[in-house]
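K.L.:
sequence below, structure please.
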Amino acid sequence: MNNLFNISSIQAWSYIAGFYEGEGSCGFYFNKSCGRPNLTVTICQKSRIILDKINKFIHSGTVYYGNAATSYRLCLSSAQARWFLNKILLYCHCPIKIKQLKKALKLDKKYIKPRRTGF
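P.N.:
Got it, this is the predicted structure:
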């Protein structure tokens, strides 16, 4: 079993959800150039180590070095973001983050037609 810090999968998802609540954000945006809608998730951190561990655990997303923020970002979009948000929703506790998460998923459902994906 691939896990985060030698802990159970439930504990790992709880940790990731808490980390997302503190350092992450999500949103549903329309691309300025083509007008295509996109669900995104971003988690920022000064150290890349934890983002790489989360990335390895979820087998999804990409870690970037932020241009102006001098921090690293784990970014997920579209189907990856949808899968991730649905996975952590059960473990979130912060009412503001839960509301943000549900709103983004609701907009995604409204504008995106279901397709077959690996997530």
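K.L.:
in terms of helices and strands, where is the most centrally placed residue in the chain?
P.N.:
Taking CA atoms, centre = their mean, the centroid of the chain lies closest to V41, which sits 3.9 Å from it. Using DSSP states H and E, V41 maps to strand 37-45.
K.L.:
and that strand, how far out from the chain middle?
P.N.:
Centroid separation between strand 37-45 and its chain, computed with CA atoms, centre = their mean, to the nearest Å, is 6 Å.
K.L.:
under the pLDDT cut-off, which ranges of this structure? List them.
P.N.:
The model of the chain has pLDDT under 70 over residues 1-6, 67-69, 114-119.
K.L.:
show me where it has strands.
P.N.:
Counting by DSSP state E, the chain has these strands, from start to end: 24-30, 37-45, 62-65, 72-77.
K.L.:
in a markdown table: these, plus distance to K110.
P.N.:
Bear in mind the C-beta positions are built from the backbone N, C-alpha and C, glycine included. Formatted as a markdown table, these follow (distance: least, CB to CB, whole Å):
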| stretch | distance to K110 |
| --- | --- |
| strand 24-30 | 9 |
| strand 37-45 | 9 |
| strand 62-65 | 26 |
| strand 72-77 | 17 |
